[in-house]
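1. what would the 3D arrangement of this be:
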Amino acid sequence: MTSAARLLANLPRCLLGALLCCAACSHPKIAREPGFRLLENGDAPMLVPADTPTSNPGDFQTTTLVLPGSSAAARNPANPPCSIDGEVFSLRPASPPDKRSWIIRSPSISGWDALAGRFEMSAQWKSFTRALDRLPEDACFPAGLTTLEMRVAVAQRIPLPTNQVALFLYSDQGTGFADLSPGMEIRLQRFLPPAGSSGANSEGPRQIWVAGYEVVPRPGKGVGLKLARRPRHNAAPDAGAEAGELLSLAQRFGQTPVLRLFLEGVYGTGKVSHGILIGASTQTQIDALTQLIHQSDPARCLNSQGTVCMEFPLGAVSLSSSIFINGRQTPCLFGESLAALLRDRPQPEQTTIFQSLQVLRRVQPGRYAAIDFPRTLEGAAQLVLLPGDKITWQH
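-> Numbers count the residues shown, from 1 in each chain. As a prediction, this is how the structure comes out:
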(Lines give C-alpha, C1' and ligand atoms only; values in the text may rest on other atoms or scores of the structure.)
Protein backbone atom coordinates (compact mmCIF):
# COMPACT_ATOMS: atom_id res chain seq x y z
CA MET A 1 0.00 0.00 0.00
CA THR A 2 1.40 3.42 -0.92
CA SER A 3 2.02 6.14 1.67
CA ALA A 4 -0.82 8.11 0.16
CA ALA A 5 -3.17 5.16 0.49
CA ARG A 6 -2.10 4.61 4.11
CA LEU A 7 -2.79 8.24 4.93
CA LEU A 8 -6.26 8.09 3.47
CA ALA A 9 -6.93 4.67 5.02
CA ASN A 10 -6.11 6.02 8.48
CA LEU A 11 -8.95 8.50 8.26
CA PRO A 12 -12.37 7.46 9.57
CA ARG A 13 -15.16 7.39 7.03
CA CYS A 14 -17.91 9.98 7.21
CA LEU A 15 -21.60 9.35 6.95
CA LEU A 16 -23.29 11.18 4.09
CA GLY A 17 -26.73 9.65 4.51
CA ALA A 18 -29.65 11.60 3.24
CA LEU A 19 -27.50 14.60 2.34
CA LEU A 20 -26.66 13.08 -1.04
CA CYS A 21 -29.87 14.42 -2.53
CA CYS A 22 -31.44 17.83 -2.25
CA ALA A 23 -34.88 18.56 -3.54
CA ALA A 24 -35.57 21.97 -5.08
CA CYS A 25 -31.99 23.21 -4.57
CA SER A 26 -31.03 26.46 -6.22
CA HIS A 27 -27.82 26.69 -8.22
CA PRO A 28 -26.65 30.31 -8.49
CA LYS A 29 -24.34 31.21 -11.35
CA ILE A 30 -20.66 31.11 -10.46
CA ALA A 31 -17.60 32.35 -12.28
CA ARG A 32 -15.89 29.69 -14.40
CA GLU A 33 -12.19 29.24 -15.14
CA PRO A 34 -10.42 26.87 -17.58
CA GLY A 35 -10.90 23.40 -16.18
CA PHE A 36 -9.13 20.11 -15.55
CA ARG A 37 -9.00 16.75 -17.32
CA LEU A 38 -8.54 13.29 -15.87
CA LEU A 39 -6.28 11.40 -18.26
CA GLU A 40 -5.58 7.68 -18.29
CA ASN A 41 -1.81 7.30 -18.15
CA GLY A 42 -1.17 3.59 -17.92
CA ASP A 43 -1.31 2.58 -14.27
CA ALA A 44 -0.97 6.20 -13.09
CA PRO A 45 -3.96 8.37 -14.13
CA MET A 46 -3.22 12.10 -14.11
CA LEU A 47 -5.29 15.17 -13.27
CA VAL A 48 -4.09 17.95 -15.57
CA PRO A 49 -5.13 21.54 -16.33
CA ALA A 50 -7.20 21.69 -19.51
CA ASP A 51 -4.59 23.79 -21.32
CA THR A 52 -1.79 21.25 -20.69
CA PRO A 53 -0.46 19.69 -23.93
CA THR A 54 -1.22 15.97 -24.01
CA SER A 55 1.89 15.29 -26.10
CA ASN A 56 5.18 16.81 -24.99
CA PRO A 57 8.49 15.48 -26.32
CA GLY A 58 10.37 16.63 -23.22
CA ASP A 59 10.29 15.61 -19.58
CA PHE A 60 9.49 19.16 -18.40
CA GLN A 61 6.94 21.84 -19.17
CA THR A 62 6.51 25.50 -18.26
CA THR A 63 3.18 26.96 -17.17
CA THR A 64 2.02 30.48 -16.36
CA LEU A 65 0.26 31.12 -13.06
CA VAL A 66 -1.71 34.32 -12.47
CA LEU A 67 -2.65 34.90 -8.84
CA PRO A 68 -5.59 36.89 -7.50
CA GLY A 69 -4.83 40.15 -5.76
CA SER A 70 -2.97 43.36 -6.40
CA SER A 71 -0.71 43.65 -9.44
CA ALA A 72 1.66 46.05 -7.70
CA ALA A 73 5.31 45.66 -8.62
CA ALA A 74 7.32 43.29 -6.46
CA ARG A 75 9.40 45.02 -3.81
CA ASN A 76 13.09 44.69 -4.69
CA PRO A 77 12.58 41.43 -6.65
CA ALA A 78 16.33 40.75 -6.65
CA ASN A 79 16.71 41.24 -2.89
CA PRO A 80 15.22 39.20 -1.39
CA PRO A 81 14.90 36.72 -4.29
CA CYS A 82 11.42 35.51 -5.16
CA SER A 83 12.37 32.38 -7.09
CA ILE A 84 12.99 28.66 -6.51
CA ASP A 85 15.37 26.70 -8.72
CA GLY A 86 14.70 23.04 -7.93
CA GLU A 87 15.86 20.00 -9.87
CA VAL A 88 12.27 19.03 -10.74
CA PHE A 89 9.97 21.87 -9.60
CA SER A 90 10.94 25.52 -10.15
CA LEU A 91 9.22 28.88 -9.77
CA ARG A 92 10.19 32.36 -10.92
CA PRO A 93 8.41 35.69 -11.39
CA ALA A 94 7.24 36.55 -14.88
CA SER A 95 8.78 39.61 -16.51
CA PRO A 96 8.30 42.30 -15.37
CA PRO A 97 7.71 40.97 -11.83
CA ASP A 98 4.38 42.17 -10.41
CA LYS A 99 3.65 39.63 -7.59
CA ARG A 100 0.76 38.10 -9.57
CA SER A 101 2.37 36.48 -12.63
CA TRP A 102 4.66 33.47 -12.24
CA ILE A 103 6.36 30.86 -14.42
CA ILE A 104 6.27 27.25 -13.14
CA ARG A 105 8.58 24.50 -14.37
CA SER A 106 7.33 20.99 -13.60
CA PRO A 107 7.28 17.48 -15.06
CA SER A 108 5.18 17.06 -18.19
CA ILE A 109 2.58 14.30 -18.33
CA SER A 110 5.07 11.86 -19.85
CA GLY A 111 7.85 13.30 -17.70
CA TRP A 112 6.32 11.96 -14.50
CA ASP A 113 7.14 8.40 -15.53
CA ALA A 114 10.54 9.25 -17.01
CA LEU A 115 11.74 11.35 -14.07
CA ALA A 116 10.47 8.90 -11.44
CA GLY A 117 13.39 6.65 -12.29
CA ARG A 118 15.89 9.41 -11.49
CA PHE A 119 14.21 11.34 -8.67
CA GLU A 120 12.04 10.68 -5.65
CA MET A 121 9.20 12.92 -6.77
CA SER A 122 7.59 13.36 -3.36
CA ALA A 123 10.96 14.40 -1.91
CA GLN A 124 11.45 16.89 -4.74
CA TRP A 125 8.02 18.41 -4.08
CA LYS A 126 8.76 18.60 -0.36
CA SER A 127 12.02 20.42 -1.13
CA PHE A 128 10.09 22.83 -3.35
CA THR A 129 7.41 23.55 -0.74
CA ARG A 130 10.01 24.10 1.98
CA ALA A 131 11.76 26.61 -0.28
CA LEU A 132 8.39 28.22 -0.92
CA ASP A 133 7.85 28.53 2.84
CA ARG A 134 11.09 30.49 3.12
CA LEU A 135 10.12 33.11 0.55
CA PRO A 136 9.08 36.41 2.18
CA GLU A 137 5.31 36.56 1.72
CA ASP A 138 4.99 40.35 1.88
CA ALA A 139 7.78 40.95 -0.65
CA CYS A 140 6.86 38.23 -3.16
CA PHE A 141 3.11 37.56 -3.08
CA PRO A 142 -0.04 39.71 -3.35
CA ALA A 143 -1.25 41.09 -0.03
CA GLY A 144 -3.01 38.50 2.13
CA LEU A 145 -1.76 35.44 0.21
CA THR A 146 -0.06 32.79 2.36
CA THR A 147 2.57 30.27 1.31
CA LEU A 148 0.01 27.46 1.68
CA GLU A 149 -2.37 29.26 -0.71
CA MET A 150 0.56 29.77 -3.08
CA ARG A 151 1.39 26.06 -2.85
CA VAL A 152 -2.21 25.11 -3.71
CA ALA A 153 -2.23 27.55 -6.63
CA VAL A 154 0.99 26.06 -8.04
CA ALA A 155 -0.24 22.47 -7.60
CA GLN A 156 -3.46 23.26 -9.48
CA ARG A 157 -1.49 24.43 -12.52
CA ILE A 158 0.64 21.30 -13.04
CA PRO A 159 -0.11 17.66 -13.97
CA LEU A 160 -0.39 15.44 -10.90
CA PRO A 161 -1.08 11.72 -10.34
CA THR A 162 -4.72 11.52 -9.27
CA ASN A 163 -3.99 9.48 -6.14
CA GLN A 164 -1.57 12.14 -4.87
CA VAL A 165 -3.53 15.35 -5.50
CA ALA A 166 -4.60 15.84 -1.86
CA LEU A 167 -1.05 15.13 -0.66
CA PHE A 168 0.57 17.60 -3.04
CA LEU A 169 -1.86 20.34 -2.01
CA TYR A 170 -2.05 19.83 1.74
CA SER A 171 0.47 17.28 3.02
CA ASP A 172 3.76 15.42 2.55
CA GLN A 173 4.11 11.82 1.42
CA GLY A 174 3.86 9.38 4.33
CA THR A 175 3.81 12.01 7.10
CA GLY A 176 0.21 11.66 8.23
CA PHE A 177 -0.64 15.35 8.50
CA ALA A 178 -2.82 17.83 6.63
CA ASP A 179 -2.31 21.58 6.50
CA LEU A 180 -5.67 23.08 7.42
CA SER A 181 -7.38 25.25 4.83
CA PRO A 182 -10.82 26.90 4.55
CA GLY A 183 -13.39 24.28 3.60
CA MET A 184 -12.05 21.65 6.00
CA GLU A 185 -13.80 20.50 9.18
CA ILE A 186 -12.42 18.93 12.35
CA ARG A 187 -14.79 16.47 14.03
CA LEU A 188 -14.29 15.60 17.70
CA GLN A 189 -16.04 12.73 19.43
CA ARG A 190 -15.88 10.94 22.77
CA PHE A 191 -17.84 7.94 24.05
CA LEU A 192 -19.28 8.56 27.51
CA PRO A 193 -20.59 6.21 30.21
CA PRO A 194 -24.36 5.65 30.28
CA ALA A 195 -26.30 8.55 31.72
CA GLY A 196 -26.33 8.48 35.52
CA SER A 197 -23.65 5.77 35.75
CA SER A 198 -20.44 5.94 37.77
CA GLY A 199 -17.89 4.45 35.38
CA ALA A 200 -16.97 3.24 31.92
CA ASN A 201 -17.91 -0.39 32.77
CA SER A 202 -21.47 0.48 33.77
CA GLU A 203 -24.26 -1.23 31.91
CA GLY A 204 -26.61 0.58 29.57
CA PRO A 205 -26.35 2.39 26.25
CA ARG A 206 -23.31 4.64 26.00
CA GLN A 207 -23.60 8.25 24.96
CA ILE A 208 -21.51 9.89 22.26
CA TRP A 209 -20.20 13.42 22.66
CA VAL A 210 -19.70 15.14 19.28
CA ALA A 211 -18.42 18.60 18.40
CA GLY A 212 -17.13 20.12 15.18
CA TYR A 213 -14.94 23.00 14.06
CA GLU A 214 -14.90 24.68 10.68
CA VAL A 215 -11.58 25.94 9.33
CA VAL A 216 -12.23 29.55 8.31
CA PRO A 217 -10.16 32.44 6.89
CA ARG A 218 -8.71 34.81 9.47
CA PRO A 219 -8.89 38.59 9.06
CA GLY A 220 -5.74 39.52 7.20
CA LYS A 221 -4.37 36.10 6.25
CA GLY A 222 -4.11 32.58 7.56
CA VAL A 223 -6.84 30.40 9.07
CA GLY A 224 -8.67 29.98 12.34
CA LEU A 225 -11.19 27.60 13.92
CA LYS A 226 -14.89 28.25 14.41
CA LEU A 227 -16.95 26.03 16.70
CA ALA A 228 -19.77 25.02 14.36
CA ARG A 229 -21.29 22.07 16.21
CA ARG A 230 -21.74 21.81 19.95
CA PRO A 231 -22.51 18.56 21.79
CA ARG A 232 -26.03 17.95 23.02
CA HIS A 233 -26.65 19.74 26.28
CA ASN A 234 -27.36 16.56 28.22
CA ALA A 235 -24.10 14.92 27.08
CA ALA A 236 -21.67 17.74 27.72
CA PRO A 237 -21.68 17.74 31.56
CA ASP A 238 -20.55 14.11 31.75
CA ALA A 239 -17.51 14.82 29.58
CA GLY A 240 -15.91 16.86 32.37
CA ALA A 241 -12.77 18.95 32.03
CA GLU A 242 -11.80 17.20 28.81
CA ALA A 243 -14.88 18.67 27.13
CA GLY A 244 -13.82 22.13 28.18
CA GLU A 245 -10.47 21.67 26.45
CA LEU A 246 -12.05 20.30 23.29
CA LEU A 247 -14.55 23.16 23.13
CA SER A 248 -11.89 25.86 23.53
CA LEU A 249 -9.73 25.12 20.47
CA ALA A 250 -10.74 28.37 18.75
CA GLN A 251 -9.38 30.36 21.70
CA ARG A 252 -6.35 28.15 22.29
CA PHE A 253 -5.22 28.46 18.66
CA GLY A 254 -6.52 31.99 18.19
CA GLN A 255 -3.07 33.56 17.80
CA THR A 256 -1.60 30.99 15.38
CA PRO A 257 -2.73 31.57 11.77
CA VAL A 258 -0.99 28.42 10.44
CA LEU A 259 -2.60 25.14 11.55
CA ARG A 260 -1.65 21.52 10.89
CA LEU A 261 -3.47 18.36 11.98
CA PHE A 262 -1.61 15.07 12.47
CA LEU A 263 -4.07 12.28 11.78
CA GLU A 264 -4.29 9.29 14.04
CA GLY A 265 -2.45 6.30 12.60
CA VAL A 266 0.71 4.21 12.37
CA TYR A 267 3.65 6.03 10.78
CA GLY A 268 6.75 4.57 12.45
CA THR A 269 7.58 1.16 13.90
CA GLY A 270 4.01 0.07 14.41
CA LYS A 271 2.93 2.17 17.38
CA VAL A 272 -0.30 4.12 17.03
CA SER A 273 0.11 7.89 17.08
CA HIS A 274 -2.70 10.01 18.53
CA GLY A 275 -4.22 12.87 16.57
CA ILE A 276 -2.28 16.10 17.20
CA LEU A 277 -3.20 19.68 16.29
CA ILE A 278 -0.39 22.23 16.08
CA GLY A 279 -0.41 25.95 15.37
CA ALA A 280 2.28 28.50 14.55
CA SER A 281 2.74 32.02 13.25
CA THR A 282 4.54 30.98 10.06
CA GLN A 283 4.86 27.95 7.80
CA THR A 284 8.56 27.74 8.66
CA GLN A 285 7.74 27.49 12.38
CA ILE A 286 5.21 24.75 11.83
CA ASP A 287 7.63 22.77 9.65
CA ALA A 288 10.28 22.95 12.40
CA LEU A 289 7.79 21.73 15.02
CA THR A 290 6.67 18.95 12.67
CA GLN A 291 10.25 17.73 12.38
CA LEU A 292 10.54 17.58 16.18
CA ILE A 293 7.26 15.68 16.50
CA HIS A 294 8.34 13.14 13.89
CA GLN A 295 11.43 12.33 15.95
CA SER A 296 9.15 10.54 18.43
CA ASP A 297 7.58 7.15 17.79
CA PRO A 298 4.72 7.25 18.34
CA ALA A 299 4.37 10.95 17.56
CA ARG A 300 3.69 13.03 20.65
CA CYS A 301 2.85 16.63 21.38
CA LEU A 302 5.76 19.04 21.74
CA ASN A 303 5.89 22.77 22.21
CA SER A 304 8.38 25.33 20.98
CA GLN A 305 8.42 29.09 21.28
CA GLY A 306 5.55 30.76 19.46
CA THR A 307 3.67 27.50 18.78
CA VAL A 308 0.67 25.69 20.27
CA CYS A 309 0.19 21.91 20.41
CA MET A 310 -2.69 19.70 21.56
CA GLU A 311 -2.83 15.89 21.57
CA PHE A 312 -6.22 14.18 21.35
CA PRO A 313 -7.33 10.86 22.87
CA LEU A 314 -7.35 7.88 20.51
CA GLY A 315 -10.42 7.89 18.30
CA ALA A 316 -11.33 11.47 19.18
CA VAL A 317 -10.44 13.47 16.04
CA SER A 318 -11.01 13.16 12.31
CA LEU A 319 -10.79 15.48 9.31
CA SER A 320 -13.43 16.15 6.68
CA SER A 321 -13.71 18.20 3.52
CA SER A 322 -16.76 20.42 3.18
CA ILE A 323 -18.19 19.88 -0.31
CA PHE A 324 -21.49 20.85 -1.93
CA ILE A 325 -23.84 18.23 -3.35
CA ASN A 326 -26.67 19.73 -5.38
CA GLY A 327 -26.26 22.97 -3.47
CA ARG A 328 -26.20 21.46 0.02
CA GLN A 329 -23.06 21.69 2.13
CA THR A 330 -21.94 18.19 3.09
CA PRO A 331 -18.94 16.87 5.05
CA CYS A 332 -17.02 13.96 3.57
CA LEU A 333 -13.83 12.15 4.40
CA PHE A 334 -10.71 14.16 3.56
CA GLY A 335 -9.12 12.44 0.55
CA GLU A 336 -12.28 10.50 -0.35
CA SER A 337 -13.10 9.81 -4.00
CA LEU A 338 -16.22 10.79 -5.91
CA ALA A 339 -17.06 7.10 -6.31
CA ALA A 340 -17.57 6.81 -2.54
CA LEU A 341 -20.64 9.04 -2.86
CA LEU A 342 -22.19 6.85 -5.54
CA ARG A 343 -20.99 3.29 -4.96
CA ASP A 344 -23.89 2.20 -2.73
CA ARG A 345 -26.59 3.58 -5.01
CA PRO A 346 -28.49 1.17 -7.31
CA GLN A 347 -26.98 0.70 -10.77
CA PRO A 348 -29.92 2.33 -12.64
CA GLU A 349 -29.64 5.40 -10.41
CA GLN A 350 -25.87 5.59 -10.96
CA THR A 351 -26.42 5.53 -14.72
CA THR A 352 -28.93 8.38 -14.49
CA ILE A 353 -26.63 10.45 -12.27
CA PHE A 354 -23.63 10.04 -14.60
CA GLN A 355 -25.66 11.41 -17.52
CA SER A 356 -25.70 14.90 -15.96
CA LEU A 357 -22.96 14.74 -13.31
CA GLN A 358 -20.68 17.78 -13.02
CA VAL A 359 -17.81 18.51 -10.64
CA LEU A 360 -16.51 22.06 -10.16
CA ARG A 361 -13.30 22.80 -8.27
CA ARG A 362 -12.51 26.09 -6.52
CA VAL A 363 -9.37 27.62 -8.04
CA GLN A 364 -9.69 31.17 -6.68
CA PRO A 365 -12.10 32.81 -4.24
CA GLY A 366 -15.48 32.73 -5.97
CA ARG A 367 -14.11 31.13 -9.15
CA TYR A 368 -14.45 27.46 -10.14
CA ALA A 369 -13.20 25.13 -12.88
CA ALA A 370 -15.01 22.09 -14.29
CA ILE A 371 -13.34 18.67 -14.19
CA ASP A 372 -13.67 16.43 -17.26
CA PHE A 373 -13.49 12.74 -16.30
CA PRO A 374 -14.94 9.42 -17.52
CA ARG A 375 -18.58 9.26 -16.38
CA THR A 376 -18.24 5.78 -14.92
CA LEU A 377 -17.76 4.43 -11.42
CA GLU A 378 -14.17 3.59 -12.35
CA GLY A 379 -13.56 7.15 -13.53
CA ALA A 380 -15.18 8.58 -10.40
CA ALA A 381 -12.90 6.39 -8.26
CA GLN A 382 -9.88 8.24 -9.70
CA LEU A 383 -11.22 11.68 -8.75
CA VAL A 384 -10.27 12.71 -5.20
CA LEU A 385 -12.60 15.33 -3.74
CA LEU A 386 -11.13 18.51 -2.26
CA PRO A 387 -12.56 21.13 0.12
CA GLY A 388 -15.04 23.38 -1.66
CA ASP A 389 -15.82 21.03 -4.58
CA LYS A 390 -19.31 21.48 -6.05
CA ILE A 391 -21.06 18.33 -7.32
CA THR A 392 -24.34 18.52 -9.21
CA TRP A 393 -26.64 16.26 -11.20
CA GLN A 394 -30.21 16.53 -12.40
CA HIS A 395 -32.73 15.10 -9.98
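
2. stretch 263-282: which residues count as buried?
-> By neighbour count on 16 or more other CB atoms under 10 Å, the buried set for stretch 263-282 is 263-265, 267, 273-280, 282. Glycine gets a C-beta too; all of them are placed from N, C-alpha and C.

3. and the least confident of the residues you listed?
-> Scanning the buried residues of stretch 263-282 for pLDDT, the low point is residue 267. It has 64.

4. tell me the mean pLDDT for the biggest helix by length in the chain?
-> Longest helix in the chain by number of residues (criterion: DSSP state H): helix 121-134. On average, the pLDDT along helix 121-134 is 92.

5. what packs against it?
-> strand 84-85, strand 90-93, helix 147-155, helix 283-293 (3 or more CB pairs under 8 Å, 6 or more residues apart in numbering; DSSP states H and E).

6. show me how this structure divides into domains.
-> Each domain of the chain is listed here as a residue range: 54-174, 179-192+208-231+243-318, 335-392, per the TED database.

7. distance to residue 35 for those domains - can I get that in CSV?
-> Shown next, in CSV, are the domains of the chain (distance: least, CB to CB, whole Å):
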stretch, distance to residue 35
domain 54-174, 11
domain 179-192+208-231+243-318, 19
domain 335-392, 4
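
8. follow-up on the earlier one: buried stuff in the helix or strand following the longest helix of the chain?
-> Following helix 121-134 in sequence order, the next helix or strand is helix 137-140 (DSSP states H and E). Buried residues in helix 137-140, counting neighbours by 16+ other CB under 10 Å, are found at 137, 140.

9. chain center to helix 137-140, what's the gap?
-> 23 Å (CA atoms, centre = their mean, to the nearest Å).

10. packing partners for that helix?
-> Judged by 3+ CB pairs under 8 Å, 6+ apart, helix 137-140 has no packing partners among the helices and strands.

11. now that helix: mean pLDDT?
-> Averaged over helix 137-140, pLDDT sits at 82.

12. before we move on, what about stretch 385-395?
-> On average, the pLDDT along stretch 385-395 is 94.

13. quick one: contacts of it?
-> Defining contact as CB atoms under 8 Å, 6 or more residues apart in numbering, one finds that stretch 385-395 is touched by 21-23, 27, 30, 165-166, 169, 181-184, 321-327, 332, 334, 336-338, 341, 352-362, 368.

14. what about it, how long is it end to end?
-> By CA to CA, to the nearest Å, the extent of stretch 385-395 from end to end equals 21 Å.

15. show me what counts as buried in it.
-> Within stretch 385-395, judged by 16+ other CB under 10 Å, the buried ones are 385, 386, 387, 388, 389, 390, 391, 392, 393.

16. state the mean pLDDT of stretch 308-319.
-> For stretch 308-319, the per-residue pLDDT averages 93.

17. give me the distance between the two termini of it.
-> Using CA to CA, the end-to-end distance of stretch 308-319 comes out at 19 Å.

18. so who does the residue nearest the centre of the chain touch?
-> A centroid search over the chain (CA atoms, centre = their mean) returns residue 170, at 4.4 Å, as the residue closest to the centre. By CB under 8 Å, 6+ apart, the contact list for residue 170 reads 152, 178, 179, 181.

19. picking that back up, which among the contacts of stretch 385-395 count as buried?
-> Buried subset of the contacts of stretch 385-395 (neighbour count, 16+ other CB under 10 Å): 22, 165-166, 169, 181-184, 321-326, 332, 334, 336-338, 341, 353-354, 357, 359-362, 368.

20. filter those residues down to the ones in helices?
-> Going by DSSP H, the helices hold 165, 166, 169, 341, 353, 354 from those.

21. hang on, residue 60 packs against residue 109?
-> No: the criterion here is CB atoms under 8 Å, and residue 60 misses it with residue 109 at 11.0 Å.

22. who's more crowded, the two?
-> residue 109 (19 against 15; other CB atoms under 10 Å).

23. which residues does that one contact?
-> Shown in contact with residue 109 (CB under 8 Å, 6+ apart): 39, 41, 46, 48, 52, 53, 54, 56, 159.

24. ok, residue 168 next?
-> Contacts of residue 168 (CB under 8 Å, 6+ apart): 125, 155, 160.

25. tell me the buried residues in stretch 136-151?
-> Under the neighbour-count criterion of 16+ other CB under 10 Å, stretch 136-151 has 137, 140, 141, 142, 144, 145, 146, 147, 148, 149, 150, 151 buried.
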